[in-house]
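>>> coords please:
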Amino acid sequence: MSSYHLDHLQYLETEAIHIMREVAAEFEHPTLLFSGGKDSICLLRLAEKAFRPSDIPMPFLNVETGHEFPELIEFRDFRAKELGVKLIVRSVDQAIARGAIQLVPGQISRNQHQTRVLLDAIEEFQFNCAIGGARRDEEKARAKERFFSFRDSFGQWDPKNQRPEIWNLYNAKVNPGEHMRIFPLSNWTEMDVWEYIKKEKLAVPTIYFSHERECFRRGGQWLPVPPPHTDASKPDPYAGARPKPNEPVKKMICRVRTIADMINTGMIESRADNVDDIIGEVSAARVTERGTRADDKASEAAMEDRKKAGYF
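Numbers count the residues shown, from 1 in each chain. Presented below is the predicted three-dimensional model:
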């Protein structure tokens, strides 16, 4: 008698699809957070496998800082249109315009303000569940997450007040105003993500592969030089994020391991121009991919502090 066996990727896929279907069964108003990054690309493929040939039973949601890579926005819009799914986009710029967010003078990054925009969007559309692509191997605060991560009526996360998940049973009960964040990729690693992308032949934004880009050195890493400011009638959205006279600038062959916005994404020197080369690089890496994210370097507990306030 032949034995039934799942390899490592098949097991992770089956686990994630089960969680996706639990969401569809338990929650009336779910959404899937889709940025166009590699993790959310895998989520889209898993959603297709979980629900096709029916429509994917939830809209996509993306929160923009206003400093995104153009390649990422183009890819995000293309995939949402290709799948025929409603894409909801909310931005920090919109929140600033209506007075919901006040930028601190001299503040460069808008990353922390994504939290307010996300919570406002969840309230606006009455979402009681948001599926995200976070993985436990990314960062120590993310390692504390459960598959079903409970958020209170303020959208806050308390790592000490989470529900047990025994025998793949998940407590999805929430009161009005509360919601869940769901992380189907929790047990995946960066290597698993790229091997799944290879296995499923998934398209990814071009900035994941080596390309020539002008970068400058700041905070111990190479950051992309923002696009030129051409509209003199408006403030420069990248004020403070441009290279200073004492910061070296050079054109380099580079790529990204993980994508934030242009202000926070560190570039790595690399000639990996295909998925096999990237898998080889990841296997040799000794620094987590979020080691290239400037927003995680603000303090030792930067990620956990943002998550407690309602971050992804």
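>>> downstream neighbour of the one helix or strand residue 19 maps to in the secondary structure list?
Per DSSP states H and E: residue 19 is located in helix 8-26. As assigned by DSSP H and E, the chain's next helix or strand after helix 8-26 is strand 30-33.
>>> for that following strand, which strands pair with it and how are they oriented?
Sheet partners assigned to strand 30-33 using DSSP bridges are listed as strand 60-64 (parallel), strand 129-131 (parallel).
>>> ok, which stretches of the stretch 101-250 of the chain are strands?
129-131, 148-151, 179-182, 211-218, 221-224, 249-255 (DSSP state E, counting those that start in this stretch).
>>> tabulate those in JSON lines, adding columns for distance to residue 22 and mean neighbour count.
Where you see a C-beta, it was placed from the backbone N, CA and C, and this is true even at glycine. JSON lines is the format used below for those (distance: least, C-beta to C-beta, whole Å; neighbours: other C-beta atoms under 10 Å):
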{"stretch": "strand 129-131", "distance to residue 22": "10", "mean neighbour count": "25"}
{"stretch": "strand 148-151", "distance to residue 22": "8", "mean neighbour count": "21"}
{"stretch": "strand 179-182", "distance to residue 22": "8", "mean neighbour count": "26"}
{"stretch": "strand 211-218", "distance to residue 22": "39", "mean neighbour count": "15"}
{"stretch": "strand 221-224", "distance to residue 22": "39", "mean neighbour count": "20"}
{"stretch": "strand 249-255", "distance to residue 22": "35", "mean neighbour count": "15"}
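>>> read off the pLDDT value for residue 65.
Here the pLDDT value assigned to residue 65 is 90.
>>> hang on, it packs against residue 114?
Yes - counting by C-beta atoms under 8 Å, residue 65 touches residue 114, with 6.2 Å between them.
>>> any common contacting residues for the two?
By C-beta atoms under 8 Å, 6 or more residues apart in numbering, residue 65 and residue 114 have these common neighbours: residue 92.
>>> what helix or strand is the residue nearest to residue 37 when sequence neighbours are not counted on?
Setting aside the residues directly before and after it, residue 37 is nearest to residue 259 in space (C-beta to C-beta, 6 or more residues apart in numbering), at 4.9 Å. Secondary structure from DSSP H and E places residue 259 outside every helix and strand.
>>> so who does residue 259 touch?
Per C-beta under 8 Å, 6+ apart, neighbours of residue 259: 35-38, 69, 72, 205, 207-208, 265.
>>> switch to 7 Å and redo it
37, 69, 72, 207, 265 (C-beta atoms under 7 Å, 6 or more residues apart in numbering).
>>> nearest to residue 218, of those residues?
residue 265 (12.0 Å; C-beta to C-beta).
>>> which stretches of the stretch 1-150 of the chain have low pLDDT?
1-2 (pLDDT under 70).
>>> just the helices from it, written as ranges.
Under the criterion DSSP state H, counting those that start in this stretch, helices of the stretch 1-150 of the chain are mapped to 8-26, 38-51, 70-83, 92-97, 114-124.
>>> and among those helices, the most buried is which?
Most buried of the helices of the stretch 1-150 of the chain, by mean neighbour count (mean count of other C-beta atoms under 10 Å): helix 38-51, with a mean of 21.
>>> what's that one packed up against?
helix 8-26, strand 30-33, helix 190-200 (3 or more C-beta pairs under 7 Å, 6 or more residues apart in numbering; DSSP states H and E).
>>> what about 6 Å?
Helices and strands touching helix 38-51, by 3 or more C-beta pairs under 6 Å, 6 or more residues apart in numbering; DSSP states H and E, are helix 8-26, helix 190-200.
>>> can I get those in CSV including distance to residue 120?
CSV is the format used below for those (distance: least, C-beta to C-beta, whole Å):
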stretch, distance to residue 120
helix 8-26, 22
helix 190-200, 29
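>>> of those helices, which is nearest residue 131?
Closest among these, once you apply C-beta to C-beta, is helix 8-26, at 6.3 Å.
>>> tilt between the closest one and helix 38-51?
70 degrees (axes from the mean of the first three to the mean of the last three C-alpha atoms, to 10 degrees).
>>> let's see helix 8-26 as PDB, backbone CA atoms only.
Only the C-alpha atoms of helix 8-26 are listed here, as PDB (Å, rounded to 0.1, in the frame of the first residue of the first chain):
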ATOM      1  CA  HIS A   8       7.700  20.500   3.600                       C
ATOM      2  CA  LEU A   9       6.200  23.000   1.100                       C
ATOM      3  CA  GLN A  10       3.000  21.000   0.600                       C
ATOM      4  CA  TYR A  11       2.500  20.800   4.400                       C
ATOM      5  CA  LEU A  12       2.900  24.600   4.700                       C
ATOM      6  CA  GLU A  13       0.600  25.200   1.800                       C
ATOM      7  CA  THR A  14      -2.100  22.900   3.200                       C
ATOM      8  CA  GLU A  15      -1.900  24.500   6.600                       C
ATOM      9  CA  ALA A  16      -2.200  28.000   5.100                       C
ATOM     10  CA  ILE A  17      -5.200  27.000   2.900                       C
ATOM     11  CA  HIS A  18      -6.900  25.500   5.900                       C
ATOM     12  CA  ILE A  19      -6.600  28.900   7.700                       C
ATOM     13  CA  MET A  20      -7.800  30.800   4.700                       C
ATOM     14  CA  ARG A  21     -10.900  28.600   4.600                       C
ATOM     15  CA  GLU A  22     -11.400  29.100   8.300                       C
ATOM     16  CA  VAL A  23     -11.500  32.800   7.800                       C
ATOM     17  CA  ALA A  24     -14.100  32.600   5.000                       C
ATOM     18  CA  ALA A  25     -16.200  30.300   7.200                       C
ATOM     19  CA  GLU A  26     -15.900  32.300  10.500                       C
END
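>>> thank you, goodbye.
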